[in-house]
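Peer 1: I would like the atomic coordinates for the input below:
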Amino acid sequence: MTFPVEPSDRDSQRPATPRRQRRYKRKSRARKGRNIAIVLVGILAVIALAGYGYVRYRYGQIKKLSVQNLTAPVSNQPMNILIVGSNSRAALNGKQASAFGTPQQVGGARSDVTMVLHIDPKTRSVSLVSIPRDLFMPIPGSSLSNRVDASLNAGPSQLVKTVEQDLGISISHYVELNFDTFQSIVQTLGGLDMYFPYPVRDAYSGLNVPNTGCHYLNGFQALAVVRARHLEYQTSSGQWIEDPLGDLSRIRRDHEFMRVLFAAVKAKGISNPLTLNSILSSVAPDLQVDSSFSLGDMISLASKFRSINPNTIPTATLPVALVNNYTYNGANYGDVVFPAQPQDQSVINQYLDVPPPLVKKGSFSISVLNGSGIAQQAAKISQQLTADGFSVASTGNAKILSKNVESIIYYKAGYLQQAELLRNSLSGSVIMGESSTLSQAPVELVAGTTLTVANSQATATTQAPSTTTTSAGSTPTTLVPVTLPATASVTPLQPWDPRACPAGSKVTPVG
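Peer 2: Below you'll find the model as predicted:
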């Protein structure tokens, strides 16, 4: 089975050529970053303050989706809500389509913004983890991998299944919003003020702030800020320098923008019933939630979290390893990001409160396959896992899909905890994926280009000679160098990043 390469991106459907690669660098795929979490928090605030009849009316305007694979929430227990910003053009009107493209020009849908909102009713605490849209992961129902944002092409159920199966994060509810509604919210608030320490621009998103200082942004300008994946800043010498981390830097800036937006909602919206009504009327028609997310659930959450300060909500981004111009299974995927263990699991455990697996190492069997072509890789990994307490049933070879390939732990349905236990004993670019075709053992490790068994000695690495950089934050005594340096889970604002205006600042329009 051949899984399409970003099927709704026109430039990704044709074989890679030097000319197309140059063209790809010049063209924008219009990835609109949306701060959907703030919309959800705002809606809960509105529900907490508005009358029941009015809320019921607005709730009726929200589109209900049939979403499979959700984990039923337990009363008064922690749960995760998957918050998605879709770039589907299907709902856009003529004016919007002229700015962002028609469904015929940009088909399908991708989850440009994918966040997991963790809510604990007992402690009344909230945390937020962003999943990079270019994270390369196994796609359920396929033998191949793709970017996580491509899962939304097959519908919300597929995206939920991908997050749950590949990352081990249970999802209880699903919330999706299209990007143009974001503009409407900012316009309803009368615009926003942000401070720009440096002149910045992004030819792809339309961002152009030629002067430093505190500037007023209308809805379109604010959208240009959160869309910016190719941001450039101007130094004091007049030189323009591009932020090197693209989408990861956009996530960092969007977290800050979220705080600015909520402060405006709190200052201008909650105290003004007319503004509240305008915000909710602009959001509700384009908001989509799973059909099990009832009005009663929303009211209950609103009553518990109405006083929470979004500025204190812990936020993080899954650490990843950057891979440029990635060729996989004969197709060019452009720039993607690989998972990074053990950093990823550390973030998931800390921010999403995921309990450790309850199974033991010797209670299930594992098969180990060589997916990299490195000589004797499967045999070496098998010996190390056996020494670490695992039961290895067989070894063999897998199809080599790339020169640089991540390690994948495939598992049968019902063996997620076993797969998680194995993953926790490995370091490098390691990801999971459920499979219905396993025959040798219920858990199968397809070893990639770089992989380390965490509890083995320094000779345990099966790293290819061509990739020798050290993973950020690794401990040499237990985790030998594994792959490209992993990004940080929490990155402070960089000197050129826009941010909240200092108190008392003079505000001027952009330009």
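
Peer 1: nearest residue to the residue nearest the centre of the chain in space, please, no chain neighbours.
Peer 2: Residue closest to the mean C-alpha point of the chain, counted by Cα atoms, centre = their mean, is I131 at 1.9 Å. Counting by Cβ to Cβ, 6 or more residues apart in numbering, T114 is the residue found nearest to I131 once chain neighbours are left out, at 4.4 Å. C-betas here are computed from N, CA, C, even on glycine.

Peer 1: go through whatever helix or strand that neighbour lives in and flag the buried ones.
Peer 2: Assigned by DSSP states H and E, T114 belongs to strand 111-120. For strand 111-120, burial by neighbour count (16 or more other Cβ atoms under 10 Å) applies to 111-119.

Peer 1: cool, stretch 299-308 as well?
Peer 2: Across stretch 299-308, burial judged by 16+ other Cβ under 10 Å covers 299-302, 304-305, 308.

Peer 1: out of these, which is nearest to S170?
Peer 2: Minimum distance to S170 across the buried residues of stretch 299-308 is 17.2 Å, recorded for L301 (Cβ to Cβ).

Peer 1: give me the distance between the residue nearest to the centre of the chain and W496.
Peer 2: I131 sits 25 Å away from W496, going by Cβ to Cβ, to the nearest Å.

Peer 1: want to try a markdown table for the buried residues of stretch 299-308, with pLDDT as columns?
Peer 2: Output for the buried residues of stretch 299-308, formatted as a markdown table (pLDDT from 0 to 100):
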| residue | pLDDT |
| --- | --- |
| I299 | 80 |
| S300 | 83 |
| L301 | 84 |
| A302 | 76 |
| K304 | 81 |
| F305 | 80 |
| I308 | 78 |
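
Peer 1: of those, just say which sits nearest to L421.
Peer 2: Distance to L421 across the buried residues of stretch 299-308 (Cβ to Cβ) is lowest for L301, with 32.7 Å.

Peer 1: the strand holding T114 pairs with which strands, parallel or anti?
Peer 2: Its sheet considered, strand 111-120 pairs with strand 79-86 (antiparallel), strand 125-130 (antiparallel) by DSSP bridges.

Peer 1: now do whichever helix or strand comes after the last one: distance to the chain's middle.
Peer 2: Using DSSP H and E, the helix or strand that follows strand 125-130 towards the C-terminus is strand 136-138. For strand 136-138, the gap between its own C-alpha mean and the chain's C-alpha mean amounts to 12 Å (Cα atoms, centre = their mean, to the nearest Å).

Peer 1: do stretch 322-336 as well
Peer 2: Remark: stretch 322-336 is offset 18 Å from the chain centroid, using Cα atoms, centre = their mean.

Peer 1: buried sites along it?
Peer 2: By neighbour count on 16+ other Cβ under 10 Å, the buried set for stretch 322-336 is 322-323, 326, 328-329, 331-334, 336.

Peer 1: determine which two of the residues you listed are furthest apart.
Peer 2: Across the buried residues of stretch 322-336 (Cβ to Cβ), the longest gap, 19.9 Å, separates L322 and N329.

Peer 1: what does the pLDDT read for S292?
Peer 2: On pLDDT, S292 comes in at 96.

Peer 1: need the phi and psi values for it.
Peer 2: Here is the backbone geometry of S292 (degrees, to the nearest 10): phi -90, psi -10.

Peer 1: now the buried residues of strand 111-120 as TSV including distance to T181 and pLDDT?
Peer 2: Shown next, in TSV, are those (distance: Cβ to Cβ, whole Å; pLDDT from 0 to 100):
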residue	distance to T181	pLDDT
S111	16	63
D112	14	73
V113	13	81
T114	17	90
M115	16	91
V116	21	95
L117	18	94
H118	24	95
I119	22	94
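
Peer 1: and which of those is nearest T386?
Peer 2: Nearest to T386 out of the buried residues of strand 111-120 is V116 (Cβ to Cβ; 34.9 Å).

Peer 1: now the terminal residues of stretch 186-203, how far apart.
Peer 2: 22 Å (Cα to Cα, to the nearest Å).

Peer 1: hang on, I meant stretch 59-78
Peer 2: Using Cα to Cα, the end-to-end distance of stretch 59-78 comes to 24 Å.

Peer 1: list the buried residues for it?
Peer 2: For stretch 59-78, burial by neighbour count (16+ other Cβ under 10 Å) applies to 59, 62, 65, 67, 69-70, 73, 78.

Peer 1: which one of those sits closest to Q288?
Peer 2: Distance ranking of those against Q288, using Cβ to Cβ, places L65 first at 5.3 Å.

Peer 1: quick check on the closest one: phi, psi?
Peer 2: With angles defined as degrees, to the nearest 10, L65 sits at phi -110, psi 140.

Peer 1: tell me the bridge partners for it.
Peer 2: When bridges are taken as DSSP bridges, the partners of L65 come out as D290.

Peer 1: where does the stretch 1-150 of the chain dip in pLDDT?
Peer 2: 1-52, 87-111 (pLDDT under 70).

Peer 1: in the stretch 51-200 of the chain, which spans are helices?
Peer 2: Listed in chain order, the helices of the stretch 51-200 of the chain (DSSP state H, counting those that start in this stretch) span 52-61, 94-100, 156-167, 180-188.

Peer 1: of all these, which lies closest to G85?
Peer 2: Across the helices of the stretch 51-200 of the chain, G85 has its closest neighbour in helix 180-188 (8.1 Å, Cβ to Cβ).

Peer 1: quick one: list the elements packing against the closest one.
Peer 2: helix 36-49, helix 219-227, helix 273-283 (3 or more Cβ pairs under 8 Å, 6 or more residues apart in numbering; DSSP states H and E).

Peer 1: buried residues in the second one, which are they?
Peer 2: Judged by neighbour count (16+ other Cβ under 10 Å), helix 219-227 contains these buried residues: 219, 221-227.

Peer 1: for it, what is the average pLDDT?
Peer 2: Across helix 219-227, pLDDT averages out at 89.

Peer 1: quick one, it and helix 180-188 angle?
Peer 2: Interaxial angle, helix 219-227 versus helix 180-188 (axes from the mean of the first three to the mean of the last three Cα atoms, to 10 degrees): 130 degrees.

Peer 1: and helix 219-227, how far out from the chain middle?
Peer 2: 19 Å.

Peer 1: which elements pack onto that helix?
Peer 2: Contacts defined by 3+ Cβ pairs under 8 Å, 6+ apart place helix 219-227 against helix 180-188, strand 207-209, helix 247-264.

Peer 1: of the ones you listed, give the one that comes closest to L152.
Peer 2: helix 247-264 (15.8 Å).
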